[in-house]
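Novice: model this:
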Amino acid sequence: MPGGRLTGQERQQIAVGLADGLAYAEIGRRLDRPTSTITREVMRNGGPGAYRADLATRATEHRARRRRQPVPKGVGAAPLAHGRDAAAVGAYEETFTTVLMQTGMPKMTSRVLACIFTTDAGSCTAAELVRRLQVSPASVSKSIAFLEGQGLVRRERDERRRERYVVDADVWYQSMIASARGTALIAETARQGVPVLGRGTPAAERLENIARFVDFVSESIVRAADQARAILHTASTSKTVSGEEE
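Specialist: Coordinates of the predicted model:
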């Protein structure tokens with residue numbers, strides 16, 4: 001399997017594959033490249049609907065030039081904690097960002113969430129996010145507002161009165177509960193249309209079926225999330241107590 005960066009010809013083949021409606025796995029198979037390589041290439045260069053081989057090549061060259069720029073004396077990057085490999089961490093954050101984007105999350109929002117997820121503290125200030133991601137404060141603010149709406153982050157003040165954006169042990173629970181509320185609203189709205197369209201009509205029956213299905217799924221999500229939270233919390237507490245006894 002070939003390694004190294006994608007060539008201009010390979011990018012052209014990716015663009016053709018996307019235009020033909022091929023899956024990332026099929027494009028990767030034809031190029032003898034991992035599916036993850038194709039996915040990352042497409043998602044970091046506009047997504048399947050906006051990918052262009054020439055623009056992707058220029059963007060890659062621009063990123064390469066930025067990496068080659070010499071670091072001024074005395075401004076070297078601080079070593080990562082726990083002896084982590086900076087290149088490996090950066091590559092992992094890119095992969096995590098790509099996966100989040102595949103769920104429909106905007107690119108900048110995905111970068112912000114991946115950045116917070118991979119910190120030991122599980123939190124960042126706006127200034128830290130701006131510095132690590134090399135983006136504007138406005139971009140961070142917009143992304144945080146989106147993540148808050150999804151229940152994926154919360155705000156708190158630290159000892160220096162700075163606002164921090166936090167992901168904690170309950171992050172996925174809160175997100176799933178927020179998602180269940182959203183789907184429950186869809187069910188309620190669908191059901192409101194039944195008398196409007198006339199009970200017994202095909203359109204009304206369709207809306208009623210949507211409402212029943214979404215109600216069932218929402219209730220199942222909440223029930224499963226509550227069960228998982230209780231089990232994992234109990235396991236975490238038991239592990240902590242066991243560690244203290246030792």
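Novice: when you work out contacts or count neighbours from here on, use the C-alpha atoms and nothing else.
Specialist: Fine.
Novice: centroid residue for the protein?
Specialist: Leu100 (2.5 Å; Cα atoms, centre = their mean).
Novice: tell me the phi and psi of that residue?
Specialist: Main-chain torsions, Leu100, degrees, to the nearest 10: phi -60, psi -40.
Novice: thought it was touching Ser110?
Specialist: Yes. Using Cα atoms under 8 Å, Leu100 makes contact with Ser110 at a distance of 5.6 Å.
Novice: between the two, which contacts overlap?
Specialist: Common neighbours of Leu100 and Ser110, counting by Cα atoms under 8 Å, 6 or more residues apart in numbering, are absent.
Novice: which one in this structure is furthest away from the centre?
Specialist: The chain, Cα atoms, centre = their mean, max distance from centroid: Gly200 (41.9 Å).
Novice: pLDDT score assigned to that residue?
Specialist: Listed pLDDT for Gly200 reads 91.
Novice: that one: what secondary structure?
Specialist: For Gly200, the assignment made with DSSP: H, G, I helix; E, B strand; the rest coil gives coil.
Novice: quick check: the gap between it and Gln192.
Specialist: Distance check for Gly200 against Gln192: by Cα to Cα, to the nearest Å, it reads 14 Å.
Novice: now Pro34
Specialist: Counting by Cα to Cα, the gap from Pro34 to Gln192 is 47 Å.
Novice: likewise for Ala56?
Specialist: Plainly put, Ala56 is 47 Å away from Gln192 if you go by Cα to Cα.
Novice: repeat that for Leu55.
Specialist: Distance of Leu55 to Gln192, given as Cα to Cα: 47 Å.
Novice: domain ranges for this structure, per the record?
Specialist: Domain assignment of the chain by automatic domain parsing yields the ranges 8-62, 104-166, 171-245.
Novice: could you tell me the least trusted of these?
Specialist: domain 171-245 - the lowest mean pLDDT of the domains of the chain, at a mean of 83.
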